[in-house]
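Engineer: pasting the sequence and the predicted model now:
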Amino acid sequence: GDSVTQMEGPVTLSEEACLTINCTYTATGYPSLFWYVQYPGEGLQLLLKATKADDKGSNKGFEATYRKETTSFHLEKGSVQVSDSAVYFCALSDRNNAGNMLTFGGGTRLMVKP
Amino acid sequence: GAVVSQHPSWVICKSGTSVKIECRSLDFQATTMFWYRQFPKQSLMLMATSNEGSKATYEQGVEKDKFLINHASLTLSTLTVTSAHPEDSSFYICSARVRTGGSGANVLTFGAGSRLTVL
């Protein structure tokens, strides 16, 4: 079945440091890939997405590129801020556009220190 | 933007009681909602797909009689944990599909989650 594996946290960085959170997936079809973010006390929010190979999703300075050859969708940011402290979830949807069954990774907690 | 409200955010109950969790789409209609469960330090697991006006579709291994789902209107889905036991303690999250239009994947909007603790 489908699965998503992401690096375990917590990841602790100083402000303005570079961030990479690894995410790899296995899927039978051609999934869409997502990164969701969960800020403390809040629900999950879509951060970015990519629907086909070589697509790059970006939002709020975060980027992730859909790499079919390595089945990866790593999340990157060049300079993190304290406000980026949250839990980040990588997810895939292996249905057609009419469906939204998501398979999530385990989540990675990011803590950014001033 | 689309908002999903979930209530209660935190509930503590005694073993053997039933607990109802509500999930509402505040500014859009949701024909389909999803219920997830998250164990500590683990990923979100899809429990069931809630369809307005019809029976929910449960994932393998999820007890239908234990986790009752009702989607009576286009803006409300409820999850009732019946005869709750300590092993049911978890974080339950609902989500609803928001159509973005055009090609590309539709996105899900999530509620803030409900933490259930069964004593």
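Structural biologist: Received the coordinates, thanks.
Engineer: check what pLDDT A:A50 gets.
Structural biologist: With respect to pLDDT, A:A50 has a value of 93.
Engineer: give the closest residue to it in space, chain neighbours not counted.
Structural biologist: For A:A50, ignoring the flanking residues on the chain, the nearest one in space by CB to CB, 6 or more residues apart in numbering or on different chains is A:Y66 at 3.9 Å. (Each C-beta comes from the backbone N, C-alpha and C, glycine too.)
Engineer: quick one: pLDDT of that neighbour?
Structural biologist: In this model, A:Y66 carries a pLDDT of 96.
Engineer: swap in the one 3 residues further on?
Structural biologist: In the prediction, the pLDDT value recorded for A:E69 is 94.
Engineer: strand partners (parallel or antiparallel) of the worst-scoring helix or strand of chain B on mean pLDDT?
Structural biologist: Least confident helix or strand, chain B: strand B:107-110 with a mean of 79, by mean pLDDT, DSSP states H and E. Counting by DSSP bridges, the strands paired with strand B:107-110 are strand B:90-98 (antiparallel).
Engineer: quick check: mean pLDDT of the partner strand?
Structural biologist: 88.
Engineer: shouldn't A:L33 be within a helix?
Structural biologist: No. Counting by DSSP: H, G, I helix; E, B strand; the rest coil, A:L33 falls outside a helix, being strand.
Engineer: gap between it and chain B?
Structural biologist: 9 Å (CB to the nearest CB, to the nearest Å).
Engineer: wait, what's in contact with the residue nearest to that residue when sequence neighbours are not counted?
Structural biologist: Leaving aside its sequence neighbours, A:L33 sits nearest to A:F73 (CB to CB, 6+ apart; 4.4 Å). Taking CB atoms under 8 Å, 6 or more residues apart in numbering or on different chains, we find A:F73 in contact with A:23-25, A:33, A:35, A:50, A:64-67, A:90.
Engineer: mind redoing it with 6 Å?
Structural biologist: Applying CB atoms under 6 Å, 6 or more residues apart in numbering or on different chains to A:F73 gives the contacts A:23, A:33, A:64, A:66.
Engineer: show me which pair in those residues is furthest apart.
Structural biologist: A:C23 and A:Y66 (10.6 Å; CB to CB).
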